[in-house]
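Asks: got a predicted model here, sequence first, then my questions.
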Amino acid sequence: MAAGEVLLNVDNVTRAYGQGAARFDAVKDVSLEIRDGEFVALLGPSGCGKSTLLRMITGLIQPTSGTVYYRGKPVDGVNPYSTMVFQSFALFPWLTVLDNVALALDARGGDTSGNRERAEKLIDIVGMDGFEGAYPRELSGGMRQKVGFARALAVEPELLCLDEPFSALDVLSAESLRGELMELWTGGTLPTKAILMVSHNIEEAVSMADRIIVMGKNPAGHIVTEFKVELPHPRTRKEAGFETLMDRIYAAIAGRTEIEAEEVGSAPGSPGETRLLPPSSVGEMAGLLEYINEPPHPHDIYKLEGELGVTMADLLETIQMAEMFGYASVNAGDIVITPLGRAFAEASIQTRKELFKQRARRLPIMVWMMDMLKATPEETLPWKVFFTALRPEFPDELAERQLDVIIDWGRYAELIDYDDRTETLRLDPSVSRLPAAATA
C-alpha cells in the first residue's frame, strides 16, 4: 500500500515523571511521522518508552514537552482519529461478543439504531460470525483478541494503534491472527488508513510492517534508527532479505558492548547515570553462556531467539547482564563469549558462585548497597531505606525492580541477605565484619 499524506506528526516529544532531582524521562525528544497507507512498527528493549509513546499519540497521556499533531492540528485530549488494541483483551465479561462491539459504537453517541447491525458486520469481518451471542469466557485467547480488534474498528479509526496485541497469545494463535490481520490490511478491508504497532518481536515486525522504528533506552527512550521494509506480502522468513533485515535490526537494538565503566554505570548519588539493571537471573545468564560457549563463534543474536526458545525482550536482558559482568561481548548483531564467560560456563557450581561474587563486587550499585550496610552498627537496614534512596533516580516501579534484581544477584553471590518477613537487608555473614552471633 503506497504511503500518502502525513496523518501523524510527533514533534520532539518528551514524557517525564517526577520533578527536579526525582525527574525520570520515559521518552525524550522523539519525532516521527506516519502517512496514509503505512503500517509502522515500534521495536526496542523493555523500558525504552514504546508504550508511553503510543499512549501520547492516542492522547491517553499528554507529553511533558513537544507536540503530537494529527492532520496538522495539535492533539488535545484523546485523539478522536485513533484507537488502541491492548495486549490484554479488555473485554467486559458480562457482555456478549455482539454487546462488547456494539458498546464501542454506542459510546460515540448520536443515532444508535443501526449500531447492532454495524457491530455484526465488524464481527463478520474479523471472522467471528456465529459467536455473536458468546461470552468472553467461552472464547479462546485468539478469539477474544479478534473481538478486541472488532471493537477497536467500530469507531472507524484512521490510525489503528496496537500495543503488543499478540503477546498474550500462544504461538499458533498469534501466528494465525497476524496472518488474518495482514489479509484484511493488504486487502483494503480494514476501515483504517494507517497502523502503528508496538512489538518486542522482530520477526513479527519484519513480516508485517512497511517501516520499522527502533527505540533505545539509555538513558531515556529515544529513536535509534529506522528501517524500510520493501519485501512483498505475504512474507516468510525463508525469502531472500528477510533474515538479513532481522540481523540488521537486532544489531541496532543490541548495540555494542561499551567499556566496563559505561556498562556498569555509577552508584546512586554519584556523578553519571545509575545503570538500569536488566531483570535477568543468574540461571538465565548461565544458560546463555553455556550455549554460546559452543561453536560457531560468534553467534548471531537474531538466531538465538529461536534456538533458545525465548522472547527478544528476555534475550536482550540476559545479554545485557552478561555484558555487565564481562562474560560476553556484543558487536554488529553478534555475541562472543569472553575468557571470563568461558570460565564461568565451564566451572562447577561453587566455582561459578565465587566467579560471580568477584564480578558482582565490581558493580557500583552493589558497592553502594554494601557500604550503606557496613555503615550501620548491625549491618542491617530496612528495604525502604534503599527504595527511598533510589526514588530520585527512578520511578517507584523501576526503583522496586532495581532492588529485586540487586537482592537476587547479591543473594546468589552471598554478599547480601534479605529477610522478607521484616523487609530488611543485611550483609551476608560471609562478608560481615561482625561475629557470627551478632548476625544470626
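Replies: Alright, I've got the coordinates. On a predicted model such as this, the values are computed, not experimentally measured, just so you know. Numbers count the residues shown, from 1 in each chain.
Asks: all helices of the stretch 301-440 of the chain, in order?
Replies: Counting by DSSP state H, counting those that start in this stretch, residue ranges of the helices within the stretch 301-440 of the chain are 301-308, 312-324, 339-346, 349-360, 364-374, 383-390, 396-412.
Asks: any low-confidence regions in this structure?
Replies: Confidence mapping of the chain against pLDDT under 70 gives the ranges 1-3, 20-22, 89, 107-112, 219, 272, 433-440.
Asks: residue nearest the centroid of it?
Replies: With distances taken as CA atoms, centre = their mean, Ser46 lies nearest the centre of the chain, 2.9 Å away.
Asks: pretty sure it sits in a helix.
Replies: No: counting by DSSP: H, G, I helix; E, B strand; the rest coil, Ser46 is located in no helix; its state is coil.
Asks: any idea how far Phe394 is from it?
Replies: Between Ser46 and Phe394 the distance, using CB to CB, to the nearest Å, works out to 14 Å. C-beta here means a position set from N, CA and C on the backbone, and glycine is covered the same way.
Asks: quick one: contacts for Thr63?
Replies: To be clear, residue 63 is Pro; Thr isn't right here. Applying CB atoms under 8 Å, 6 or more residues apart in numbering, one finds that Pro63 lies in contact with 13-15, 56.
Asks: doesn't it belong to a strand?
Replies: No: Pro63 sits outside any strand when classified using three-state DSSP, being coil.
Asks: the strands in the stretch 201-350 of the chain, which residues?
Replies: Assigned strands in the stretch 201-350 of the chain, in chain order: 211-216, 222-228, 299-300, 328-331, 334-337 (criterion: DSSP state E, counting those that start in this stretch).
Asks: quick one: the last one to chain centroid distance?
Replies: Here the centre of mass of C-alpha atoms in strand 334-337, compared against the chain's by CA atoms, centre = their mean, to the nearest Å, lies 23 Å away.
Asks: for the shortest one, same thing?
Replies: Strand 299-300 has its C-alpha centroid displaced from the chain centroid by 22 Å (CA atoms, centre = their mean).
Asks: neighbouring strands for it, and are they parallel or not?
Replies: With DSSP bridges as the criterion, the sheet partners recorded for strand 299-300 are strand 334-337 (antiparallel).
Asks: mind listing residues that contact the partner strand?
Replies: Outside strand 334-337, the residues within contact range by CB under 8 Å, 6+ apart are 254, 289, 292-293, 297-301, 304, 319, 322, 327-330, 345.
Asks: residues near Glu138, how many?
Replies: Using other CB atoms under 10 Å, Glu138 has 12 neighbouring residues.
Asks: to clarify, my last question referred to Gln350.
Replies: Neighbour number of Gln350 under other CB under 10 Å is 8.
Asks: just the buried ones from the contacts of strand 334-337, in ChimeraX syntax?
Replies: One line in ChimeraX is enough to select the buried members of those, burial here meaning 16 or more other CB atoms under 10 Å:
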select :254,289,292,293,298,299,300,301,304,319,322,327,328,329,330,345
